[in-house]
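**Student:** Next come a sequence and a model predicted from it.
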Amino acid sequence: MAISADIKLERLSGFSLDVSLTIPNNGITGLYGPSGSGKSTLLRLLAGLERGGPSDSVVIRSDEDTWQNESQFTPAEQRGVGFVFQRQQLFPHLDVQENLQFAIRRQHTQDSTDAGQVYEWLNIAPLLRKQVDQLSGGEAQRVAIARVLLNGARCILFDEPLGSIDRSARSKILPYLERLHRNLQIPMIYVSHSLDEITYLADTLYVLDAGRVTLNGSMLELSASLELNAAEGETASAVIACRVARHDQQYGLCELDFEGAPVFVNAQLYAPGEQVRVRIIARDVSIATTKPASTSILNIIEARIAAIELDTGPAALVRLERKGQCFLARITRKSLDTLNLVIGQTVFAQIKSIALLTDIIP
Amino acid sequence: MIDPDLISVGITLKLATITTLVLFVLATPLTWWIARTTHISRYLLEPIVALPIVLPPTVLGFYLLLLFSPNNEFGQLWATIFGRPLAFSFEALVIGSVIYSLPFYVQPLQVAFENVRQELLDAAATLGAGPIDRFITIVCPLSRRGFIVAATLAFAHTVGEFGIVLMIGGNIPDETRVLSIALFDHVETLQYQRAHLLAAGLLTFSFITLFLVYFSNRTRQSPPFRRGIE
Amino acid sequence: MKQTRQPPVRRSLGLVLLLTSLLTVPLTLKSDTLQIAVAANFRPTLLRVITALERQSPHRYKIIAGSTGTLYAQIVNGAPYDVFLAADDARPRLLEEARLIEPGSRRTYAVGQLALWWPGSKGALSRDSLVNLRGTLAIANPDIAPYGRAAMEVISSSGAHDYRLITGVNVAQVYHFIASGNANAGFVALSLIRDAAPANNTFWVVDQNLYSAIEQQSVILKSSQLATDFDRFLRNETTWKLLAKDGYHVPGNPAGGVSE
């Protein structure tokens, strides 16, 4: 189910939303922006939880029918859109199993996902007998997601689903979400103000600021955009897609192919030929003008300087391109001048560590 | 022959039960609307509902008597439909009690309704539950204590009601002579012994009721739904 | 700091005492004020009597109106009234038996007249018209109010049968039941409808011989010159004129039943 929306909305508070977007019928669309940028409002409009005022213009269509225009409005319960909220959405008077049964009894589509499968993906079985108030934040979110899946949603909206979960729990739940991404053939919209989560999960990205779309495109392309990363400072990073080439059993490494260049990561999970997503943190990347001969660093990639962004501090962000894919290097302005780096120059990027995003791009 | 005071006790319990049931049916949706709406008329409706708390019951009784009168469209309509005038009937007492006890039912329930978090209703909606489904399966169970307190207070308040019944009841022994009226008669006719009996009974009943209400509120403080940010 | 603060219990006790004394002082101190407890139905007439009295007396008269039963209970429990004008003779009698009155002060000051008010009646009213009454008939509570007791006597001898009897606390409420249209007819005090003057033919002053007299008696609770003077004024020519005008019979008047 693809969804398209055309929204012009104004609030008394001065907040306004002027957005036009299309959600493809597959994969995760990330919605990123600072708080107050209108992400949540947009999501609530899509779900039918809000409808805008009489002077607003809200047109929302799925590929089957029109959900909202000037003359009609389909209420939330009839849209078949699953919604995962930030927190406290499980019904406290029901236990985990009853919460899930609530969803099963009201399934939107008959041919919904197999319950056993969902329990396995989200590791629900150990939680079934628990009361809602006995769950940790991460467990509660897993149950909430399972509830939406068992409900047979034809599209899932995530509104900062990890927003109230601490960091370590978050890294534990992200792989669950990734597993859904790999297995479900329905569109998902993932709202977050954490670029981390979005780059990890999203295929398509919309960046929202003050109610307007400021950036939109493929996640991989945008991940290396200087605009997006400039504000991230130390945590600036980019994501690249690679193909699994072979496993090196002797050293416990996995060799990936990045547009013809070998990249080694510490993982054995994937079969040769599979596509994986890899995050490269900008501050882990250094630049040499000649190919380093003897170095402990395994990953050395030949690339072209595509753009340079100067920071107000001592740092500079350099965008490196290799056959259409980009990644970032965060170096000092002093090095930039010493090495005399210019746009268009071919350099060698030395990458200290590479994180595999445990992600296969379809 | 049954003691007339026992008959009064019976009428009073019947009146309080029916009043509470009528409030449950009529005032529950009203309360839900007041608790959830952002419409401006809420600010008109809330004080109207609260009026019986501050008005002397005789004021209400006076106006109800004018309303019930066959000289008036409402009273006339009632007499046409039911074949007998409304005033001085048990039905009249029910109407009066419903109005008089309305705030005692609405206010505790309103607090309970307002405490039902919007996320839960939104979640239920996106899971495919329509408005009535949401109300029955989410709002009602979560507001259970609110319902108990509301019903208890409405019931007890009706039992103790005097002024309105005095105005619109007509003191008919087996129809409208409720406990408080019988008590009043005993005092006026100097039957202090009987008056004591009824007064002590009413006092005990009211105390036990209020005790139960406060007690159930007390146990609420160990919150059933503790779960914050972990 | 050691001894200055009183324990809260003693302080609140002090407050209660202060409030109590504030409330009771005006009732007890003024010796030149006469406190008259009066049955509510006689209050309008009493006001006229006092207006007349004040033309010749420099003293002040304070009226406390209430139901006879309530006032009686207050007196038994020590309310500081000087004179009590009841709506019946039963309560003054009880007070006399309890030796709570000035010996020999119990006297009838007015005799109430019962009237049937029937706004929808056709033709001249009499006892026999009651047979034709359909619907609601209102009377004052016969257990409490003498007018109710009198009304019951009339009704039971009238042959009326097809009515629904409802009772008000007093005749004023009966009046309101009828005026608002909720009761079809009712027995009230003539004094009540004199002022409001309903249309002719809609009320009937019940023949005195159809019910035992409604004697309204007064007693002196605390003797004083002022009380005696008031008591005497209540029985003079001026007062009698006012009584007659307001629909009461004068005690001792042959048409007004028997006085003591």
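**Tutor:** Cool, got the structure. Numbering: from 1, shown residues only, chains lettered A, B, ... in the order given.
**Student:** Remind me what the helix or strand hosting residue A:182 packs against, helices and strands.
**Tutor:** Assigned by DSSP states H and E, residue A:182 belongs to helix A:167-183. If you count contacts as 3 or more C-beta pairs under 8 Å, 6 or more residues apart in numbering or on different chains; DSSP states H and E, helix A:167-183 packs onto helix A:115-122, helix A:137-150, helix A:195-201. Backbone N, C-alpha and C define where each C-beta goes, glycine included.
**Student:** Compare those and give me the one nearest residue B:160.
**Tutor:** For residue B:160, the closest of the helices and strands packed on helix A:167-183 is helix A:137-150, at 45.7 Å, according to C-beta to C-beta.
**Student:** Briefly note if that closest one comes near chain B.
**Tutor:** Yes. Using C-beta under 8 Å from any C-beta of the partner chain, helix A:137-150 reaches chain B at A:137-138, A:140, A:144, A:147-148.
**Student:** which of these tops the neighbour count?
**Tutor:** residue A:147 (28 neighbours; other C-beta atoms under 10 Å in any protein chain shown).
**Student:** any idea how far residue A:3 is from it?
**Tutor:** 21 Å (C-beta to C-beta, to the nearest Å).
**Student:** same question, residue B:142
**Tutor:** Residue B:142 is 32 Å from residue A:3, by C-beta to C-beta.
**Student:** okay, the angle between the helix holding residue A:182 and helix A:115-122?
**Tutor:** 140 degrees (axes from the mean of the first three to the mean of the last three C-alpha atoms, to 10 degrees).
**Student:** Convert helix A:167-183 to PDB, retaining C-alpha atoms only.
**Tutor:** Once non-C-alpha atoms are left out, helix A:167-183 reads as follows in PDB (Å, rounded to 0.1, in the frame of the first residue of the first chain):
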ATOM      1  CA  ARG A 167      20.800   3.700  24.900                       C
ATOM      2  CA  SER A 168      21.800   0.200  25.600                       C
ATOM      3  CA  ALA A 169      18.200  -1.000  25.300                       C
ATOM      4  CA  ARG A 170      17.900   0.800  22.100                       C
ATOM      5  CA  SER A 171      20.800  -1.000  20.500                       C
ATOM      6  CA  LYS A 172      19.100  -4.200  21.500                       C
ATOM      7  CA  ILE A 173      15.800  -3.400  19.900                       C
ATOM      8  CA  LEU A 174      17.100  -2.000  16.700                       C
ATOM      9  CA  PRO A 175      18.000  -5.400  15.300                       C
ATOM     10  CA  TYR A 176      14.400  -6.500  15.900                       C
ATOM     11  CA  LEU A 177      13.200  -3.600  13.800                       C
ATOM     12  CA  GLU A 178      15.700  -4.400  11.100                       C
ATOM     13  CA  ARG A 179      14.400  -8.000  11.000                       C
ATOM     14  CA  LEU A 180      11.000  -6.600  10.300                       C
ATOM     15  CA  HIS A 181      12.400  -4.400   7.600                       C
ATOM     16  CA  ARG A 182      13.900  -7.400   6.000                       C
ATOM     17  CA  ASN A 183      10.800  -9.600   6.200                       C
END
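**Student:** Beyond it, next helix or strand please.
**Tutor:** Remark: after helix A:167-183, the chain's next helix or strand is strand A:188-192, criterion DSSP H and E.
**Student:** what residues does that next one touch?
**Tutor:** Here strand A:188-192 makes contact (C-beta atoms under 8 Å, 6 or more residues apart in numbering or on different chains) with A:23, A:27-32, A:39-40, A:43, A:46, A:155-163, A:180-181, A:197-198, A:201-202.
**Student:** and if we set it to 6 Å?
**Tutor:** A:28-31, A:39, A:43, A:156-160, A:198, A:201 (C-beta atoms under 6 Å, 6 or more residues apart in numbering or on different chains).
**Student:** what's the answer for stretch B:24-32, then?
**Tutor:** For stretch B:24-32, the surrounding residues in contact (C-beta under 6 Å, 6+ apart) are B:105-106, B:109-110, B:113.
**Student:** Make TSV out of those and add distance to residue B:82 and pLDDT.
**Tutor:** Below are the contacts of stretch B:24-32 laid out as TSV (distance: C-beta to C-beta, whole Å; pLDDT from 0 to 100):
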residue	distance to residue B:82	pLDDT
B:105	25	96
B:106	27	96
B:109	30	96
B:110	32	95
B:113	34	95
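**Student:** which of these sit farthest apart?
**Tutor:** Among the contacts of stretch B:24-32, the pair separated by the greatest distance (C-beta to C-beta) is B:105 and B:113, at 12.2 Å.
**Student:** neighbour count winner among the two?
**Tutor:** Higher neighbour count among residue B:105 and residue B:113: residue B:105, with 31 against 22, using other C-beta under 10 Å.
**Student:** secondary structure element for the more buried one?
**Tutor:** Assigned by DSSP H and E, residue B:105 falls in helix B:90-114.
**Student:** gap between the two ends of stretch A:332-351?
**Tutor:** 16 Å (C-alpha to C-alpha, to the nearest Å).
**Student:** next one: stretch A:286-295
**Tutor:** Stretch A:286-295: ends 12 Å apart by C-alpha to C-alpha.
**Student:** Give me the contacts around it.
**Tutor:** A:329, A:331, A:339, A:347-350.
**Student:** How about stretch A:313-331?
**Tutor:** In contact with stretch A:313-331 (C-beta under 6 Å, 6+ apart) are residues A:224, A:226, A:229, A:236, A:238, A:240, A:259, A:280, A:282-283, A:285, A:287, A:303-310, A:332-333, A:336, A:349.
**Student:** which of the residues you listed are buried?
**Tutor:** Buried members of the contacts of stretch A:313-331, scored by 16 or more other C-beta atoms under 10 Å in any protein chain shown, are A:224, A:226, A:229, A:236, A:238, A:240, A:259, A:280, A:282-283, A:285, A:287, A:303, A:305, A:308-309, A:336, A:349.
**Student:** Filter these down to the ones in strands?
**Tutor:** Residues of the buried ones among the contacts of stretch A:313-331 located in strands (DSSP state E): A:238, A:240, A:280, A:285, A:287, A:303, A:305, A:308-309, A:349.
**Student:** on that earlier part again, looking at the contacts of stretch A:286-295, state which has the most neighbours.
**Tutor:** Among the contacts of stretch A:286-295, residue A:329 has the most neighbours (other C-beta under 10 Å), with 27 neighbours.
**Student:** Check the gap between it and residue A:236 for me.
**Tutor:** Where residue A:236 is concerned, residue A:329 sits at a distance of 10 Å (C-beta to C-beta).
**Student:** now residue A:145
**Tutor:** 29 Å.
**Student:** same check, this time on residue B:32
**Tutor:** Distance, residue B:32 to residue A:236, using C-beta to C-beta: 50 Å.
**Student:** before we move on, back to that, return the closest of the residues of helix A:137-150 next to chain B with respect to residue B:76.
**Tutor:** Using C-beta to C-beta, the residues of helix A:137-150 next to chain B come closest to residue B:76 at residue A:147, 55.9 Å.
**Student:** quick one: contacts for the closest one?
**Tutor:** A:99-100, A:103.
**Student:** and the residues you listed, which of them are in helices?
**Tutor:** A:99-100, A:103 (DSSP state H).
**Student:** Measure how buried the residue of chain B found nearest chain C is and give me the count.
**Tutor:** Ranked by C-beta to the nearest C-beta, the top residue of chain B for proximity to chain C is residue B:170, at 3.0 Å. Residues near residue B:170, counting by other C-beta under 10 Å, number 27.
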